[in-house]
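In: Below is the sequence, then the predicted model.
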Amino acid sequence: MKTFKIYELGCKVNQYESQLIREQFKGAGFREGNGKPADIYVINTCTVTNSADSQSRNLLRRSLRLNPNAKIVVTGCYVEKDSDQIKKICPDAIIVKNSEKTVIARRLTKSADEAISAEIASISNFAAHNRAFVKIQDGCDNYCSYCKVPLVRGNSRNRDMSEIIKEIGRLARSGFKEIVLCGICLGAYKNLTGLLVEISGIEALKRIRLSSIEPVYVNKELIDFIASSEKMCKHFHLPLQSGDDKILKAMNRKYTKQQYTGLIEGIRGRMPLAAISTDVLVGFPGETEKKFRNTLDTLKKVMPMRIHVFGFSAREGTAAFSMPGQVGKEEREKRAKAIRSFAEECALSYAEKFLNRKLSVLTESTRDKKTGMLTGYADTYIKVLFKGEDSLMNEMVDVRIKKVLSGHALGALE
């Protein structure tokens, strides 16, 4: 039996699509590799930054080293604009566009035609996870000036609601208690609240989490539904990118810092303990020290429980690629370090609000490597470690928070 191995980079959408590819190969009679050189390597690439491009090329070289005779399939966002770079490294690589991911196995073997079922565009499992990601939307119409993604993913488009509901129902019945809805521009899904209402009716499903959603798509209807639903995680990942209005405008973001902070105030007005996480992009062209300080000041007003910080990466084909006022690498790294330091304060401050409180935790299927304790996440995305039996893995349990440390909390079963 031939074996395959999938390497993936990037976002939750890419992880979802890797699972789709995995199920194609298994349905066609292939076996996933267990550490030995595989017969087929699939590299699901990312191109959001220069670093992601480099990592994609490195995975290609790694696959060639592991088995020079293997078939190499390269797919994902990097191939959409840079397939020539892939061919320079591996002339025999099979290039598969994002739109063709659903037929990769069929491309490699004729015998797969009959083996692949009609469910080729949906998944029934999520390997090595106890939370399943489900893609509901693809593409983006926003064209932020720094972002290459719309160039490689195309315009915004929705999956059929009935197909999504069937897929989630199947995953829930298979034992997945939490579903994470994801998309390239999740909030652009038409009638997102209506979809959430329908998904909430799936009895076996215990929790629904939204992945990153742009602030402009979060309205009162959505906030009210999340606040009133027992199944919705009280967690909003709302990318800020910059806390300076001039930089936001240059980024082609569709809000001001006042609108962003006002949105957070509205969410916390309905859900005082709601988790707010965010993304920040430092070193955008024209970002002076003063404008960077404006971002820090905005973050201090918001106090997110988690901050993902990235340095600006000039992407050819985007409006920001040739903008004046480029910020040097050393300064970008300095600013990123300052935000990461502040992010630690924010995380600790947020977690301390839950001291001596009882939280519902979805236990992971593996123990914490350092302590050997059970571990899992609350709906507010706080990582909790606690003592317990293996039988509690992949179960929802009540844990009282006893101590807060950097990066996680310690608790005790109720």
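Out: That came in fine, so what should we check first? Everything numeric here is computed off the predicted structure, so don't read it as measured data. Numbers count the residues shown, from 1 in each chain.

In: my guess is residue 143 contacts residue 150, does it?
Out: Yes: with contact defined as C-beta atoms under 8 Å, residue 143 reaches residue 150; the gap is 5.3 Å. (Glycine included, C-beta is placed from N, CA and C.)

In: Between these two, tell me which one has more neighbours.
Out: Neighbours were tallied for residue 143 and for residue 150 using other C-beta atoms under 10 Å; the higher tally belongs to residue 150 (19 against 12).

In: Residue 232 against residue 223, yeah?
Out: No: between residue 232 and residue 223 there is no contact, the gap being 10.4 Å when judged by C-beta under 8 Å.

In: What does residue 14 show for phi and psi?
Out: phi -60, psi -40 (degrees, to the nearest 10).

In: Looking at the nearest residue to residue 155 once chain neighbours are set aside now. What's its pLDDT?
Out: Among residues not flanking residue 155 along the chain, residue 139 sits closest, at 4.9 Å (C-beta to C-beta, 6 or more residues apart in numbering). Looking at residue 139, its pLDDT stands at 98.

In: Quickly note the distance from residue 322 to residue 51.
Out: 20 Å (C-beta to C-beta, to the nearest Å).

In: okay, those two: which has more neighbours?
Out: Using other C-beta under 10 Å as the criterion, residue 322 and residue 51 rank with residue 51 on top: 13 against 10.

In: The more buried one: what's it in contact with?
Out: residue 313 (C-beta atoms under 8 Å, 6 or more residues apart in numbering).

In: Give me the pLDDT for it.
Out: The predicted local confidence for residue 51 is 96.

In: Pretty sure it sits in a helix.
Out: Yes: Residue 51 sits within a helix when classified using DSSP: H, G, I helix; E, B strand; the rest coil.

In: For the stretch 1-150 of the chain, which segments are assigned as strands?
Out: Secondary structure of the stretch 1-150 of the chain by DSSP state E, counting those that start in this stretch: the strands cover 3-8, 31-32, 40-45, 71-76, 94-95, 131-138.

In: Output the lowest mean pLDDT helix or strand found in this protein.
Out: helix 112-115 (a mean of 44; mean pLDDT, DSSP states H and E).

In: Which parts of the stretch 301-414 of the chain are helices?
Out: 329-352 (DSSP state H, counting those that start in this stretch).

In: Equivalent analysis for the stretch 101-250 of the chain, please.
Out: When assigned using DSSP H, counting those that start in this stretch, the helices of the stretch 101-250 of the chain occupy the ranges 104-108, 112-115, 149-153, 161-173, 192-200, 220-228, 245-250.

In: Quick one: closest of these to residue 331.
Out: Distance to residue 331, taken as C-beta to C-beta, is lowest for helix 245-250 among those, at 14.6 Å.

In: Look through this structure and tell me its longest strand.
Out: strand 396-405 (DSSP state E).

In: got the angle for that one vs helix 329-352?
Out: 120 degrees (axes from the mean of the first three to the mean of the last three C-alpha atoms, to 10 degrees).

In: Give the buried residues for strand 396-405.
Out: Using 16 or more other C-beta atoms under 10 Å as the burial criterion, the residues of strand 396-405 that qualify are 397, 399-401, 404.

In: Just checking: what are the partner strands of it?
Out: Partners of strand 396-405 in the sheet, by DSSP bridges, are strand 358-363 (antiparallel), strand 408-413 (antiparallel).

In: Show me what it is in contact with.
Out: 177, 206-207, 348, 351-352, 354-363, 376, 382, 384, 386, 388, 409-414.

In: For it, what is the distance to the chain centroid?
Out: 25 Å (C-alpha atoms, centre = their mean, to the nearest Å).

In: Let me see the ranges of the strands in the stretch 151-300 of the chain.
Out: Per DSSP E, counting those that start in this stretch, the stretch 151-300 of the chain carries strands over the ranges 157-158, 178-183, 207-210, 235-237, 275-282.

In: so which of the ones you listed comes closest to residue 95?
Out: Here strand 157-158 is closest among the strands of the stretch 151-300 of the chain (C-beta to C-beta), at 22.3 Å.

In: So for the closest one, mean pLDDT?
Out: Rounded mean pLDDT across strand 157-158 is 97.

In: so where's the stretch 1-150 of the chain shaky on pLDDT?
Out: Applying pLDDT under 70 to the stretch 1-150 of the chain flags the ranges 110-120.

In: change it to 80
Out: Scanning the stretch 1-150 of the chain with the threshold set as pLDDT under 80 gives 1, 106-107, 109-121.

In: quick revisit: and for the residue nearest to residue 155, the neighbour number?
Out: Other residues close to residue 139 by other C-beta under 10 Å number 18.

In: Quickly list what residue 413 is bridged to.
Out: As assigned using DSSP bridges, the partners bridged with residue 413 are residue 399.

In: Hmm, it is touching residue 384, no?
Out: No: Residue 413 lies out of contact with residue 384 (C-beta under 8 Å); the separation is 10.6 Å.

In: ok, those two, which is more surrounded?
Out: Comparing residue 413 with residue 384 by neighbour count (other C-beta under 10 Å), the higher total belongs to residue 384, at 25 against 14.

In: Show the contacting residues for the more buried one.
Out: By C-beta under 8 Å, 6+ apart, residue 384 lies in contact with 359, 361, 375-378, 399, 401, 408-411.

In: gap between it and residue 274?
Out: Counting by C-beta to C-beta, the gap from residue 384 to residue 274 is 18 Å.

In: do residue 235 as well
Out: Counting by C-beta to C-beta, the gap from residue 235 to residue 274 is 7 Å.
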